[in-house]
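1. Show me the folded form of this:
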Amino acid sequence: ISYRVTVSGQYEIGCKVGSVQFQPAYLSILPGPVSATSTVSEGNGLSRAFAGEQAELRVLVRDVFGNSQKSAGVRVYTSPRNTTFAKSVQSILDGEQVIFTYLPTVSGDYKFYIMVGNTAIRTTPWTVDVSAGEVDAVKCQVDGKGSREATAGDLASFVISARDQYSNPLTYGGFTFVVHTKEEIATRRHSCADMGTGKYDCSYTTTTSGKLMLSIMMSFVHVTGSPFNIPVKPSLFNAGNAIIREPSMGMATAGRYDILVMTARDRLGNFLETGWDNFIISIENGGQSRATSHVTDYKNGTYSIRYISTTSGRYSINIMYQGTPVANSPYGLLVVAAEASALTSKITFPAGYSCVES
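-> You can find the predicted model right below:
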């Protein structure tokens with residue numbers, strides 16, 4: 001007598017010859033060898049996972065007839081094999097299935113291969129989409145010129161990139177970032193636009209040069225690098241806002257040097273910190289005579305204008321920058337005669353008189 005059984009389990013075998021019934025025999029049919037083509041897998045961890053959240057997949061080991069096989073020897077790996085995308089991978093043999101759990105940390109698409117022995121099961125490979133986890137303010141990053149420096153009066157901008165706890169970039173928006181400054185001495189505007197891609201375009205304007213403490217927070221937690229200590233440069237030179245100081249109060253003495261001191265400022269009144277040399281100075285007396293002048297640039301926004309005239313009279317001091325009067329010039333200047341000098345004095349006699357030497 002021969003027979004073939006394809007379903008594992010417990011069987012009772014009875015035998016009867018004529019009217020004679022033999023004592024039944026009991027037989028255990030075990031599963032056959034593990035078959036890679038019959039083994040199946042399931043679980044959300046085979047299609048979608050999130051960084052920082054444990055994912056799971058199950059492998060139901062079968063023989064060639066589909067009978068459950070309580071056997072290990074099942075391996076799971078990703079492609080490329082050297083990719084470190086998960087913090088831990090564990091397997092548990094649970095009755096008729098092998099349970100694999102993993103904690104992904106790096107977002108991206110990965111190929112999952114499940115092997116029985118040296119053979120891949122028939123539904124391999126699976127493409128698993130590992131998405132970024134929940135946003136983590138501490139890992140969010142800021143980039144852009146506006147996070148490093150700014151110019152008074154100009155719009156400064158930067159971009160916030162939302163990230164999870166493993167620094168994976170998020171690809172969706174809906175978060176609230178708060179931008180504020182510590183100082184209260186200047187007028188500022190700031191805003192952030194949610195681009196819906198995990199990035200936020202932010203901008204601000206400050207009117208005062210110096211140091212600006214810029215804080216960027218989410219849920220009262222600072223993002224990476226916040227608060228930012230931002231140097232704010234003055235804007236360009238503004239002719240109308242320059243300051244002129246005249247120690248001589250508009251009077252000078254012929255033959256003596258006098259000085260004007262000019263301090264450069266931008267259009268918002270901030271003092272400039274660097275020098276420039278593109279201005280023209282003229283000191284004239286009705287076009288009849290001129291004073292000689294020399295400018296010293298101290299390279300810090302301060303200039304001294306040293307001038308001298310040898311002819312008394314009323315002069316006009318003109319300081320021009322790109323065709324624009326500086327600090328409401330021209331300024332009036334009265335040059336008075338110097339002390340009497342025997343070398344330059346003259347004696348004039350009335351008509352009819354002569355000079356007789358004695």
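
2. How about the secondary structure of the closest residue to Tyr11 other than its chain neighbours?
-> Using CB to CB, 6 or more residues apart in numbering and skipping residues adjacent in sequence, the residue nearest Tyr11 is Leu27, 4.6 Å away. For every residue, glycine as well, the C-beta is placed using N, CA and C. What DSSP: H, G, I helix; E, B strand; the rest coil gives for Leu27 is strand.

3. What about Leu27, how many residues nearby?
-> Neighbours of Leu27 under the rule other CB atoms under 10 Å: 12.

4. thought it was touching Ser8?
-> No: contact criterion CB atoms under 8 Å: Leu27 and Ser8 do not qualify, at 11.0 Å.

5. Could you pull out the buried residues of stretch 4-23?
-> Ser8 (16 or more other CB atoms under 10 Å).

6. Distance across that stretch, terminal residue to terminal residue?
-> The first residue of stretch 4-23 is 21 Å away from its last residue (CA to CA, to the nearest Å).

7. Name the residues that touch that stretch?
-> With CB atoms under 8 Å, 6 or more residues apart in numbering as the test, stretch 4-23 has contacts from 24-32, 63, 65, 67-68.

8. And for stretch 327-336?
-> Residues contacting stretch 327-336 (CB under 8 Å, 6+ apart): 239-244, 246, 250-254, 262, 283, 285, 291, 309, 311-320.

9. Name only those of these that count as buried.
-> By 16+ other CB under 10 Å, the contacts of stretch 327-336 give 239, 241-242, 244, 246, 252-254, 262, 283, 285, 291, 309, 312, 315, 317, 319-320 as buried.

10. partners of Met218 in the sheet?
-> Val221 (DSSP bridges).

11. next one: Val261
-> Residues in beta-bridge contact with Val261 (DSSP bridges): Arg245, Ser304.

12. thinking it is in contact with Arg306, fair?
-> No: if you go by CB under 8 Å, Val261 and Arg306 don't touch, sitting 10.2 Å apart.

13. just to revisit the earlier point, ok, and the most crowded of the contacts of stretch 4-23?
-> Result: Pro31 is most packed of the contacts of stretch 4-23 (other CB under 10 Å), 21 neighbours.

14. Identify the residue nearest that residue in space, chain neighbours excluded?
-> Ranked by CB to CB, 6+ apart and with sequence neighbours excluded, the top spatial neighbour of Pro31 is Asn67, at 3.9 Å.

15. Could you tell me how far that neighbour is located from Leu30?
-> As judged by CB to CB, to the nearest Å, Asn67 and Leu30 stand 8 Å apart.

16. Check the burial of Ala152 by counting its neighbours.
-> Ala152 has 22 nearby residues by other CB under 10 Å.

17. Quick check: the gap between it and Glu273.
-> Distance from Ala152 to Glu273, counting by CB to CB: 11 Å.

18. Spit out the residues that contact the two alike.
-> Ser209, Lys233, Pro234.

19. Any idea which of the residues you listed the model trusts least?
-> Minimum pLDDT for those is recorded at Ser209 (90).
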